[in-house]
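> next comes the sequence, and after it the predicted model I'd like to discuss.
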Amino acid sequence: MTDIVTRFAPSPTGYLHIGGARTALFNWLFARGRGGKFLLRIEDTDRERSTPEATAAILQGLTWLGLDWDGEAVSQFARKDRHAEVAHDMLARGTAYKCFATPEEIAAFRAEQESKGASYAVFQSPWRDADPATHPDAPYAIRMKAPRSGQTVIEDSVQGTVTFGNDQLDDMIVLRSDGTPTYMLAVVVDDHDMGVTHVIRGDDHLNNAARQTMVYQAMGWAVPVWAHIPLIHGPDGKKLSKRHGATAVGDYQAQGYPAAGMRNYLTRLGWASGDAELFTSDEAKAMFSLEGIGRSPARLDFKKLEATCGWHIARSDDAALLHELEGYLKAASRPALTQGQRDLLSRSLYCVKDRAKTFPELIDKAHFALISRPVVADEAAAKALDPVSRGILKELTPRLQSASWTKADLESILNEIAAAHGIGFGKLAAPLRTALAGRTATPSVYDMMLVIGQDETIARLTDAAA
RNA sequence: GGCCCGUUCGUCUAUCGGUUAGGACGUCAGGUUUUCAACCUGAAAAGAGGGGUUCGACUCCCCUACGGGCUGCCA
């Protein structure tokens, strides 16, 4: 069994799309779960549309998601000489030919076919069987000499056996008249040279697989295992677009979704292994297989994404969580934490992290720890502070001065006060909550007091009682 | 137009000829509770339509409908 080699091959024409990220994830899971290699290749042969900024954005997106690749990212453009070499090799083998047809001639051919109402218009170059010597000095493109009859069969791990009639496939150009390779050639040459054994990519490439198979055959190379995965759709079932909101992985980071949750959610989108729903990346690597990939496009469901992320946040190590949260603040262009906030937030994580689904939510739950006096109460919280409750707070303060500041001690003091006034604990907790956080929805009053400490607690209660 | 792919609860999915069609998110109803969450229990909720094949089809075949992809000297 040869070692498994997968790759992710985006074109750097924009940010890393969420669908592309999932494709990368599947390749990563498959390779990493089987001791194989996961390679990265930037398909930058289209010089017009490729930008270094897009390349940087893609690498950044993969890095944030935690999808590490082996070796350096390969630039497809840098390999253009090798591509040309293979094209000429095909020429020498007689599996390709020089075509002098101009784009105008080809366009005219298509227009004519269309006007005749032909069901399909596969361009048949007159140069396929002509002697190139009759037209020696003109620029030419190199076209694949594809079989005109019979069929080409794709054995796809996801889609099954897919058969194409060769009469549907034209003699595609492998090397343009300016000497640059087309995608169809470059992708095959690179995958072969890089030793790629499994091509896992979007099913928009399924048709291409047939033509690419012809290149493999023309060169006598082993065809890789294909796995064409369905694309991701928006919540409305339509093709994912800007209109649906977040389509770039960077958007998800900026919205505060944790990377582990994104990986888990994206793994389950279009793939399943029994009833497994929530798992770590190590578990995912162990479970992942091509057989588990679904055949129909999946829709994005933000509610489920959030639920998944909440599970991961709750289980995160505090230090790692804090670190990632700070990465979120930066990505979202929010102010960084002060050292004091960092400490308080760190101390409060235990009582807020199992309540938050995203980082902004986590920060909101930890509001009581991040604010400083004077605590400003919102409208609903302010209602809990009436003359009676202020009196109780006043009475409570001296008791807290001498408390040992453990949960048990605080509990007995508060229960005692509540009992003394013949009120339920809830009646006492409300004004406390207002005094400590200025809000009606907070962690437990004990946790808040323990996190902010004795001095700060007493100061806030004194403020509120005044 | 041609070729190719797809279609199970609202959503993600399990099922690989025989199940009361299972799980998860969401929704709804209870419970727990110092608030909000979290958590626990329960409920409603699905095989696109039509033909076959078979003792028996969600599962296999065909047709239709709907959705998607490809059809470039883009990737």
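Right, received. Where do you want to start?
> show me where pLDDT drops low in chain A?
Applying pLDDT under 70 to chain A flags residues A:1-2, A:117-121, A:245.
> what about the nearest residue to residue A:13 once chain neighbours are set aside, neighbour count?
Using C-beta to C-beta, 6 or more residues apart in numbering and skipping residues adjacent in sequence, the residue nearest residue A:13 is residue A:49, 4.4 Å away. Glycine gets a C-beta too; all of them are placed from N, C-alpha and C. Neighbours of residue A:49 under the rule other C-beta atoms under 10 Å: 12.
> cool, the one 10 residues further on as well?
A total of 17 residues lie near residue A:59 under the criterion other C-beta under 10 Å.
> got it, and residue A:380?
Each residue near residue A:380 was counted by other C-beta under 10 Å, and the total is 11.
> my read: it touches residue A:440, true?
Yes. Counting by C-beta atoms under 8 Å, residue A:380 does reach residue A:440; the two are 4.9 Å apart.
> what's around the nearest residue to residue A:170 once chain neighbours are set aside, how many residues?
Once flanking residues are discounted, residue A:170 sits nearest to residue A:122: 4.3 Å by C-beta to C-beta, 6+ apart. Applying other C-beta under 10 Å, we find 16 other residues in the vicinity of residue A:122.
> wait, residue A:122 sits on residue A:165?
No. Residue A:122 is beyond contact range of residue A:165, at 10.5 Å (criterion: C-beta under 8 Å).
> run through the residues of the stretch 51-200 of chain A sitting next to RNA strand B.
Where the stretch 51-200 of chain A comes near RNA strand B, counting by C-beta under 7 Å from any atom of the strand, the residues are A:76, A:99, A:101-103, A:106, A:110, A:119-123, A:141, A:159-160, A:162-165, A:168, A:170, A:172-173, A:176-178, A:180, A:182-184, A:186.
> list only buried entries from these.
Taking 16 or more other C-beta atoms under 10 Å as the criterion, what is buried in these is A:76, A:99, A:101, A:106, A:122-123, A:141, A:159, A:162, A:164, A:170, A:172-173, A:176-177, A:180, A:182-184, A:186.
> ok, the residue in the stretch 201-350 of chain A that RNA strand B sits nearest to - contacts?
Nearest residue of the stretch 201-350 of chain A to RNA strand B (C-beta to the nearest atom of the strand) works out as residue A:296 at 2.9 Å. Under the criterion of C-beta atoms under 8 Å, 6 or more residues apart in numbering, the neighbours of residue A:296 are residue A:230.
> am I right that it is in a strand?
No. Counting by DSSP: H, G, I helix; E, B strand; the rest coil, one finds residue A:296 to be coil, located in no strand.
> still on that earlier bit, from the buried ones among the residues of the stretch 51-200 of chain A next to RNA strand B, which land in helices?
Here DSSP state H is the test, and these give A:106, A:183-184, A:186 as lying in helices.
> what does the stretch 301-450 of chain A put close to RNA strand B?
A:301, A:303-304, A:306-307, A:310, A:354-355, A:365, A:424-426, A:429-430, A:433, A:440-446.
> report the buried members of the residues you listed.
Neighbour counting with 16+ other C-beta under 10 Å marks A:306, A:310, A:355, A:365, A:429-430, A:433, A:440, A:442-443, A:445-446 as buried within these.
> from those residues, which single one is nearest residue A:408?
Sorting these by how near they are to residue A:408, with C-beta to C-beta, puts residue A:446 at the top with 9.5 Å.
> which stretches of the stretch 201-350 of chain A form helices?
Per DSSP state H, counting those that start in this stretch, the stretch 201-350 of chain A carries helices over the ranges A:206-219, A:249-254, A:259-268, A:281-287, A:302-315, A:318-331, A:339-352.
> redo the buried ones among the residues of the stretch 301-450 of chain A next to RNA strand B as JSON lines? Include distance to residue A:226 and secondary structure.
Shown next, in JSON lines, are those (distance: C-beta to C-beta, whole Å; DSSP: H, G, I helix; E, B strand; the rest coil):
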{"residue": "A:306", "distance to residue A:226": "34", "secondary structure": "helix"}
{"residue": "A:310", "distance to residue A:226": "36", "secondary structure": "helix"}
{"residue": "A:355", "distance to residue A:226": "44", "secondary structure": "coil"}
{"residue": "A:365", "distance to residue A:226": "46", "secondary structure": "helix"}
{"residue": "A:429", "distance to residue A:226": "61", "secondary structure": "helix"}
{"residue": "A:430", "distance to residue A:226": "63", "secondary structure": "helix"}
{"residue": "A:433", "distance to residue A:226": "59", "secondary structure": "helix"}
{"residue": "A:440", "distance to residue A:226": "57", "secondary structure": "coil"}
{"residue": "A:442", "distance to residue A:226": "54", "secondary structure": "coil"}
{"residue": "A:443", "distance to residue A:226": "51", "secondary structure": "coil"}
{"residue": "A:445", "distance to residue A:226": "59", "secondary structure": "helix"}
{"residue": "A:446", "distance to residue A:226": "58", "secondary structure": "helix"}
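> isn't residue A:268 up against residue A:277?
Yes. Look at residue A:268 against residue A:277 with C-beta under 8 Å: they come within range, at 6.5 Å.
> what touches both of these two?
Looking at what touches both residue A:268 and residue A:277 (by C-beta under 8 Å, 6+ apart), the common residues are residue A:308.
> the two: who's more crowded?
residue A:268 (20 against 14).
> ok, residue A:183 - contacts?
Counting by C-beta under 8 Å, 6+ apart, residue A:183 makes contact with A:43, A:45.
> against residue A:269, how distant is residue A:229?
To residue A:269, residue A:229 is 10 Å away according to C-beta to C-beta, to the nearest Å.
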